[in-house]
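J.: any chance you could fold what I've pasted below:
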Amino acid sequence: MSMSATNQLPIHFAGPAGWVDRFNDQPRKGCDILVQALEREGVDTVFAYPGGCSMEIHQALTRSEIIENILCRHEQGEIFAAEGYAKTTGKVGVCIATSGPGATNLVTGLADAMMDSVPLVAITGQVPRKLIGTDGFQETPIVEVTRAITKHNYLVMDIADLSRVIKEAFYLARTGRPGPVLVDVPKDIQQQLDIPDWDAPMAISGYMSRLPPPPEPALLAAVVKALKGANKPVVYLGGGTLDASAEVREFISRTQIPVVQTLMGLGSFPVNDPLSLQMLGMHGTVYANYAVDQADLMIALGVRFDDRVTGKLEAFATHARIVHIDIDPAEIHKNKEAHIPICADVRPALQLLNKMLEADPVDPALYADWRADIDGQRQKFPMSYPDRDDVIAPQHAVQVVYEETNGEAIITTGVGQHQMFAAQWYPLPEPRRWATSGGLGSMGFGLPSALGAAAAHDGRNGRPSRVVIDIDGDGSFLMNCQELATAAVEKLNVKVLLLNNQHLGMVVQWEDRFYKANRAHTYLGKREAEWHDTQDENDIYPDFVTMAKSFGVPGRRVIRKADLRAAVREMLDTEGPYLLEVMVPHIEHVLPMIPGGATFKDIITEGDGSIKY
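T.: Residues are numbered from 1 along each chain as shown. Down below sits the predicted model:
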């Protein structure tokens, strides 16, 4: 969720209260100007990995008494950490990398942040200006490489522009539809001396003029009229509502309309509330998808009608008039035609809508039969799983973590079955408690994003304190397992619940359902001995607990269900990082499931990999 056009930052931004120029208006290096510009934006944490063309910035960071650097062990780790920081705080995440391979290692994270609308500023060192275009050592034209996966990007060719560019980068990242901005700074610019003009005005008036105006009362009056004419309304919440949670709750309280949430929107309305139907879409609940299928009015807030939500687009919400409120004009009518399109920031739109409903209430009794109908579906098709005693069901493991944390943890995930199990079985009571890779689906996201969340919730310097748990899978975890070193050295309170099925579980599920269980490179263990067949612990590969201990992170493996709860308690009671490996069956499927491109009528609610399809 972003700031509204009526609540923009002033063009002349004076910096944080109490900020003092330690150079006393004397010349200083460009790298110091850059770091001071970050300070003036309120940055206290960055995720940066040094190299030849960024080492000047790192030298300047050591001269800052405000900014702390978390030294991740890979540039992809650092940008995912910056995303985790941003997703769990709503603030702009900052990462810094060197030129060439350092910069290109940020590419997946930039694309991820672009798709999930994450406010991010990525700063890269570049070869000196005279070497640009010569194929110099570690030269990559990163501005050109990232043009399609950033909200905007800059190559700074004049030191006089540097402070203004950083100011603009943060403004662009956090306003409108949030997104990543890249700033490429040649090494000679970092070394050049200058006196910055902190009051230089931003030069993005064209962008500012395109920010959505305040919501139009006439359009919101049409929404009130639609509510009064509806019998089966549903509210569809996406990631654009995370910072409008209070307004969402008030709206639902006034109308008593059932709520469905996307993967990105989880927590914007309490998932355990009686009016919450939990997640919709491919792995959403039967009753959430039923509500969407039968609704005669859909209030879509901060969403983009993603294919994993809609399935076959022309069969999605076919009975409903659609109200679509979104800050990005490109999303209106893009995938689904809206009957009442409102291009506006969701938060002020809901504030005005709630005032209208206060003056002209909607009788919640209008929808009593509809709520009863949905409750019937909830009772007929409850969320469930086969909870056996001879193995640990992954859903059960997530439930135990939820119970032992009282639902108060911040949860991050990688991508795969474990991600969906976490979304289904760890109901979030509020926003900014969930960091996952939604649109891009980047494996390896879980551990580094947990580092970023933990850095923002470490209880130091006025920051809140909260335990962070990465619920991960063995395949996804391996992609950035080097960040165990960061967790250990930085003493970040990150817990890893590693659901190990020795396979790429989500791909295996699709193999089971649609490819006659033919395994096409989805087994990750030893080829000569598969643990699920031998039940010999020596055949579990790799040994994640030993790996964790080699990084200085304590860990434990659990195979028996009877040992699980005590092991989870031990993980939570251990100070600092901890890895708990839980062995789970590889034949378990994430259900419900609507196959890709299918419809609600095709929903699958039963079965696992032991059955031939």
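
J.: so which strand or helix has residue 289?
T.: Using DSSP states H and E, residue 289 falls within helix 286-294.

J.: what's that helix packed up against?
T.: Secondary-structure packing of helix 286-294 (3 or more CB pairs under 8 Å, 6 or more residues apart in numbering; DSSP states H and E): strand 233-237, strand 259-261, strand 276-279, helix 368-380. Where C-beta positions appear, they are placed from N, C-alpha and C, glycine not excepted.

J.: hmm, residue 195 and residue 30 touching each other?
T.: No. Assessed by CB atoms under 8 Å, residue 30 is found out of contact with residue 195, at 11.3 Å.

J.: of the helices and strands packed on helix 286-294, which is nearest residue 108?
T.: Within the helices and strands packed on helix 286-294, the stretch nearest residue 108 is strand 276-279; the backing value is 24.7 Å (CB to CB).

J.: describe which strands the closest one pairs with in its sheet and in which direction.
T.: Using DSSP bridges, strand 276-279 pairs in its sheet with strand 259-261 (parallel).

J.: residue 30 and residue 195: who's more crowded?
T.: More crowded of residue 30 and residue 195, by other CB atoms under 10 Å: residue 30, with 25 against 14.

J.: tell me the phi and psi of that one?
T.: When read as degrees, to the nearest 10, the backbone of residue 30 gives phi -60, psi -40.

J.: for residue 22, see how far away it is.
T.: Distance of residue 30 to residue 22, computed by CB to CB, to the nearest Å: 16 Å.

J.: now do residue 125
T.: The gap separating residue 125 from residue 22 is 23 Å, by CB to CB.

J.: neighbour-wise, which of the two wins?
T.: Ranked by neighbour count (other CB under 10 Å), residue 125 and residue 22 place residue 125 first, with 29 against 14.

J.: so which strand or helix has that one?
T.: For residue 125, the element it lies in under DSSP H and E is strand 120-126.

J.: name the helices or strands packed onto that strand?
T.: By 3+ CB pairs under 8 Å, 6+ apart, strand 120-126 packs against helix 55-62, helix 75-89, strand 93-97, helix 101-104, helix 107-115, helix 162-174, strand 180-186, helix 187-191.

J.: just so I know, which of those lies nearest residue 401?
T.: Among those, helix 75-89 comes nearest to residue 401, with 17.4 Å by CB to CB.

J.: now do that closest one: which elements does it pack against?
T.: Helix 75-89 packs on strand 45-48, strand 93-97, helix 101-104, helix 107-115, strand 120-126, strand 434-435, helix 446-456, going by 3+ CB pairs under 8 Å, 6+ apart.

J.: the shortest one: how far from the chain's middle?
T.: Once both centres are worked out by CA atoms, centre = their mean, to the nearest Å, strand 434-435 turns out to sit 5 Å from its chain's centre.

J.: repeat for the second one
T.: Distance of strand 93-97 from its chain centroid, counting by CA atoms, centre = their mean, is 16 Å.

J.: can you list the residues that contact stretch 89-96?
T.: By CB atoms under 8 Å, 6 or more residues apart in numbering, the list of residues contacting stretch 89-96 from outside reads 1, 38, 41-43, 45-49, 54, 57-58, 75, 78-79, 81-86, 106, 109, 118-125, 170, 173-174, 242-243, 432, 452, 456.

J.: do that again at 7 Å, thanks
T.: Residues outside stretch 89-96 that contact it (CB atoms under 7 Å, 6 or more residues apart in numbering): 38, 43, 46-48, 54, 57, 78-79, 82-83, 85-86, 106, 118-123, 170, 173-174, 243, 432, 452, 456.

J.: for that stretch, measure first residue to last.
T.: For stretch 89-96, the separation between the terminal residues is 19 Å (CA to CA, to the nearest Å).

J.: averaged pLDDT, that stretch. What do you get?
T.: Average pLDDT, stretch 89-96: 98.

J.: show me where pLDDT drops low in this structure?
T.: 1-15 (pLDDT under 70).

J.: go with 50
T.: For the chain, applying pLDDT under 50 flags the ranges 1-14.

J.: tell me how far stretch 137-148 is from the chain's mean position?
T.: Worked out by CA atoms, centre = their mean, stretch 137-148 lies 25 Å from the chain centre.

J.: list the residues that contact residue 182.
T.: Each residue near residue 182 by CB under 7 Å, 6+ apart is listed here: 110, 122, 124, 142, 143, 146, 150, 153.

J.: which non-adjacent residue is nearest it?
T.: Distances taken as CB to CB, 6 or more residues apart in numbering put residue 153 closest to residue 182, at 3.9 Å, once the chain neighbours are dropped.

J.: okay, and that neighbour sits in which element?
T.: Using DSSP H and E, residue 153 falls in strand 152-155.

J.: report how many residues lie close to the residue nearest to residue 197 when sequence neighbours are not counted.
T.: Leaving aside its sequence neighbours, residue 197 sits nearest to residue 163 (CB to CB, 6+ apart; 6.6 Å). When neighbours are defined as other CB under 10 Å, residue 163 has 21 of them.

J.: residue 163 contacts residue 195, correct?
T.: No. Residue 163 is beyond contact range of residue 195, at 10.0 Å (criterion: CB atoms under 7 Å).

J.: what segments of the stretch 451-600 of the chain are strands?
T.: 468-473, 494-500, 555-558, 578-583 (DSSP state E, counting those that start in this stretch).

J.: need those in JSON lines (columns: mean neighbour count and distance to residue 281).
T.: Compiled in JSON lines, the strands of the stretch 451-600 of the chain are given as follows (neighbours: other CB atoms under 10 Å; distance: least, CB to CB, whole Å):
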{"stretch": "strand 468-473", "mean neighbour count": "30", "distance to residue 281": "19"}
{"stretch": "strand 494-500", "mean neighbour count": "28", "distance to residue 281": "21"}
{"stretch": "strand 555-558", "mean neighbour count": "20", "distance to residue 281": "31"}
{"stretch": "strand 578-583", "mean neighbour count": "25", "distance to residue 281": "26"}
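
J.: tell me the buried residues in stretch 147-167?
T.: Buried residues in stretch 147-167, counted by 16 or more other CB atoms under 10 Å: 149-156, 159, 161-167.

J.: hmm, I typed the wrong one, I wanted stretch 228-239.
T.: Neighbour-count burial for stretch 228-239 flags 230, 232, 233, 234, 235, 236, 237, 238, 239 (criterion: 16+ other CB under 10 Å).

J.: hmm, back to that, would you mind giving the strands of the stretch 451-600 of the chain as JSON lines with distance to residue 284 added?
T.: Formatted as JSON lines, those follow (distance: least, CB to CB, whole Å):
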{"stretch": "strand 468-473", "distance to residue 284": "18"}
{"stretch": "strand 494-500", "distance to residue 284": "20"}
{"stretch": "strand 555-558", "distance to residue 284": "29"}
{"stretch": "strand 578-583", "distance to residue 284": "25"}
